[in-house]
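1. structure here, sequence nowhere to be found:
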């Protein structure tokens, strides 16, 4: 894996951890449910797009490796 691959994995994992931690903090602060839901939807979309980009970037590189 290249350096870009490692950075992509790190960023997606970091966003997931921050999103879950944010929801936990919002739960402790007794924030409305729709705000927690919005935070988790944004986290899900970022992870989904990051994962798709990771797979897409692998295909575009064309280094001849079989998956």
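-> Arrived safely, thanks for sending. This one's a predicted model, so the numbers in the text were calculated from it and none came from an experiment.

2. CA only for contacts and neighbour counts going forward, please
-> Will do.

3. need the contact list for the residue nearest the centre of the chain.
-> Against the mean C-alpha coordinate of the chain, by C-alpha atoms, centre = their mean, the closest residue is residue 47 at 2.7 Å. Neighbouring residues of residue 47 by C-alpha atoms under 8 Å, 6 or more residues apart in numbering: 12-13, 15-16.

4. in JSON lines: the residues you listed, plus secondary structure.
-> As requested, the contacts of residue 47 are exported to JSON lines (DSSP: H, G, I helix; E, B strand; the rest coil):
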{"residue": "12", "secondary structure": "helix"}
{"residue": "13", "secondary structure": "helix"}
{"residue": "15", "secondary structure": "helix"}
{"residue": "16", "secondary structure": "helix"}
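
5. which PyMOL command selects the buried ones in the residues you listed?
-> Here is the PyMOL command that selects only those of the contacts of residue 47 that count as buried (16 or more other C-alpha atoms under 10 Å):
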select buried, resi 12+15+16
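
6. tell me the one of the contacts of residue 47 nearest residue 24?
-> Closest approach to residue 24 among the contacts of residue 47 (C-alpha to C-alpha): residue 16, at 12.5 Å.

7. got a pLDDT number for the closest one?
-> Looking at residue 16, its pLDDT reads 84.

8. near residue 35, how many other residues are there?
-> By other C-alpha atoms under 10 Å, the residues close to residue 35 number 12.

9. and if you look at the one 4 residues further on?
-> Look at residue 39: counted by other C-alpha under 10 Å, it has 15 neighbours.

10. with residue 7 instead?
-> Residues near residue 7, counting by other C-alpha under 10 Å, number 11.
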